[in-house]
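A.B. asks: Just need the structure, nothing else, for what follows:
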Amino acid sequence: MNSAAWLLRGLLAALLGMTSEIVLWTAPDARPLFDWMVVSAAYLALSALLLDLAARYRLRDLYGLMALAGIYGLINAALLNPATAFVDFPRTFFTRAMGGHTLMGLLALALWLRLTDGRPLRRAGRVFTGALAVCLGGVWGYWAHYAPPVFAAGADTPLIAVVGWFALFVVLTLALTAALRRSALSLPVESFRLSRAGGAFVLIALLPVLVARLTAGALDGVQSATVILFALFCAGIIWFQKRRKGATLLDARSTAVPLSALGALFALTLIAGVIGYHLPRGGSEADPLAVIGSLLTAYGLVWLPLVTFVLGAREFNKQARAMRL
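C.D. replies: So this is what the prediction gives:
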C-alpha cells in the first residue's frame, strides 16, 4: 500500500510538472539535465506535501483545494521558476505565481482526483473534460509558440520542441498509470499522510533548492516575504477548514486509473496544441497573448479574496444560526 501511495504521488507530480512546465512553457528545453533531476525530485516532494496537507486537514471542497493550489503555486514560483515568476515583480507575481502556477496546480489536482476516483465518469463529465482538454491544448500550443519571443526576447519555439516535451511527460504519466493498474487497490485518506521518512524526503528535496535560490539572488527580501506571507495565509485557510470527521476529497483513492481515458485526453490536448501553435498572431487590439495574460492575472487577483469571502460568509452564517440571529 505504501508503494501504491508513492506511485499516486508520482502521478500527481507528473501532472503538476506537465501543467506548470509544459502548458505554461517555462522554457523546459533551457534546463540542463542536472537541473531537471533536481526539479523532478522537487515536484515529487511538492506532490507528497500537498497530499499530506489535504489528508492531515481533511480537505473536502473546492475552496480548500484552491488554497492548497495556492501553496503549490507560490512554492513552485519561488523555488522552481523564480526567473519567470519574479522577472517583473510585483506584476508577474500575480500573473504567474498567484495566477498561472496556482491555476495549473488546481487543474492538476482536479485531474488527479478525477483519475483516482475509481468511479466511471458520466457523459456530461466526459464532454466537459474533453472540452477543457481542447481549450487547454489550444492555449498551450499558442502560448508555447509565441510567448518566449514576447516575454524573453528569444526566438519562436520550434514545434518539435513543444510536441517533444509534451510527449515526454505523456510517456512518464502513462507509465506511472500502467504501474498503478497492476493492482486494484482502494487507499484510505491516511495513506497520504507522510511518515517521518517521507517528511525527511520532502525537506531534503526542497530545502537545498531554497538555499540555492537565495544564494544565487533569485529572490530578494521583499519577494521572499511576500511569498511567505501569502503561503501562510493559504495555510491558515486550510487549517481553518480542519475537521476530525467527515468525508474528504482523498477518501478511497483508487489505483485503477483509466489508462484509455487518460490517453484520449492527452490526444485531444496534443491535437488542439498543434492547431493552437499554427494560429497566427492577433493584432495589437486583440492579441491572444495579452488575453491569456489578462486571464491569468484576473485569476491571480480574484481567487484568494473569493475563497476568503466564501469561507467567511459560511462561518458567519454558521455562527448566526447557532446564536439564532
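A.B. asks: can you give me the strands in the stretch 201-325 of the chain?
C.D. replies: Listed in chain order, the strands found in the stretch 201-325 of the chain under DSSP state E, counting those that start in this stretch are 253-254.
A.B. asks: which residue packs closest to Asp251, ignoring adjacent ones?
C.D. replies: By the measure of C-beta to C-beta, 6 or more residues apart in numbering, the closest residue to Asp251 outside its immediate chain neighbours is Val189, 5.6 Å from it. For every residue, glycine as well, the C-beta is placed using N, CA and C.
A.B. asks: Quick check: mean pLDDT of the strand or helix carrying Ala69?
C.D. replies: Using DSSP states H and E, Ala69 falls within helix 62-75. Confidence for helix 62-75, expressed as mean pLDDT, is 96.
A.B. asks: if we can go back for a sec, report the separation between the residue nearest to Asp251 and Arg9.
C.D. replies: 14 Å (C-beta to C-beta, to the nearest Å).
A.B. asks: which of these two has more neighbours?
C.D. replies: Arg9 (25 against 19; other C-beta atoms under 10 Å).
A.B. asks: ok, that one - contacts?
C.D. replies: By C-beta atoms under 8 Å, 6 or more residues apart in numbering, the residues touching Arg9 are Leu44, Ser47, Ala48, Leu51, Phe192.
A.B. asks: Pop out the phi and psi values for Ser186.
C.D. replies: phi -120, psi 110 (degrees, to the nearest 10).
A.B. asks: related to what we said a few turns ago, check which helices and strands the helix holding Ala69 is in contact with.
C.D. replies: For helix 62-75, the packing partners by 3 or more C-beta pairs under 8 Å, 6 or more residues apart in numbering; DSSP states H and E come out as helix 33-56, helix 102-115, helix 221-240, helix 288-323.
A.B. asks: Can you list the buried residues in that helix?
C.D. replies: By 16 or more other C-beta atoms under 10 Å, the buried positions in helix 62-75 come out as 63-75.
A.B. asks: Which positions in stretch 252-264 come out as buried?
C.D. replies: Those buried within stretch 252-264 under the rule 16+ other C-beta under 10 Å are Arg253, Ser254, Thr255, Ala256, Val257, Pro258, Ala261, Leu262.
A.B. asks: right, I mislabeled it, should have said stretch 290-299
C.D. replies: So for stretch 290-299, counting by 16+ other C-beta under 10 Å, buried means Ile292, Gly293, Leu296, Thr297, Tyr299.
A.B. asks: Provide a list of residues in contact with the first one.
C.D. replies: What that stands for is Ile292. Applying C-beta under 8 Å, 6+ apart, the residues near Ile292 are Val139, Tyr142, Trp143.
A.B. asks: mind running it again at 6 Å?
C.D. replies: If you count contacts by C-beta atoms under 6 Å, 6 or more residues apart in numbering, Ile292 has none.
A.B. asks: Can you tell me how far it is from Arg253?
C.D. replies: Ile292 is 33 Å from Arg253, by C-beta to C-beta.
A.B. asks: before we move on, what about Val209?
C.D. replies: 28 Å.
A.B. asks: circling back to that earlier point, ok, so of the buried residues of stretch 290-299, who is nearest Thr19?
C.D. replies: Leu296 (12.7 Å; C-beta to C-beta).
A.B. asks: in terms of contact, does Phe166 touch Val23 like I think?
C.D. replies: No. In this structure, Phe166 is not within contact of Val23 by C-beta atoms under 6 Å, at 8.7 Å.
A.B. asks: Report whether Ala200 is found in a strand, as I expect.
C.D. replies: No. Applying DSSP: H, G, I helix; E, B strand; the rest coil, one finds Ala200 to be helix, outside a strand.
A.B. asks: What's the local residue count around it?
C.D. replies: Using other C-beta under 10 Å: Ala200 sits among 11 other residues.
A.B. asks: Look at Leu279 and say how many residues are nearby.
C.D. replies: 13.
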